[in-house]
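Visitor: fold the following for me, if possible:
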Amino acid sequence: EEQRKENVQLRRSLDEAIHRLSLSQDDVVDRQLMKNILLDWFSKSGKGKKQVLEVMASLLHFSEEEKDNIHLTEFNLNRVVEAVAAPLPPAKADVENLEGENVR
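Guide: So this is what the prediction gives:
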């Protein structure tokens, strides 16, 4: 009887661990894959090296700040435009209450 209780408890713990792992599957990264990507990065130069970093950043879900830290966004034209372009002024017309044939 005691061994049966222990088996039930072990099974319950195992099921719970499997459930937690399935919920956080996004956080699991294949070590062999990351090792191969890192080795590939060391073998590349120039643009190829940057492309490997982009793959790593994507796999590891880097934030924009983290991408900045490894100079992946250094030449990103969109960020340059956002930094120097003036924001658009608010609309003068009340868009919610427009009427007429051309308004959908």
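
Visitor: ok, which stretches of the chain are helices?
Guide: 2-23, 31-43, 47-59, 64-69, 77-84 (DSSP state H).

Visitor: name the helix or strand of this protein that has the lowest mean pLDDT.
Guide: helix 77-84 (a mean of 57; mean pLDDT, DSSP states H and E).

Visitor: most tightly surrounded among the helices of the chain?
Guide: Ranked by mean neighbour count under mean count of other Cβ atoms under 10 Å, these are led by helix 47-59, which reaches a mean of 14. Any C-beta I mention is one placed from the backbone N, CA and C, and that applies to glycine too.

Visitor: Leu72 versus Glu65, what's the distance?
Guide: 11 Å (Cβ to Cβ, to the nearest Å).

Visitor: where does pLDDT dip in this structure?
Guide: 23-28, 74-104 (pLDDT under 70).

Visitor: same thing but 90
Guide: For the chain, applying pLDDT under 90 flags the ranges 1-42, 44-64, 66-104.
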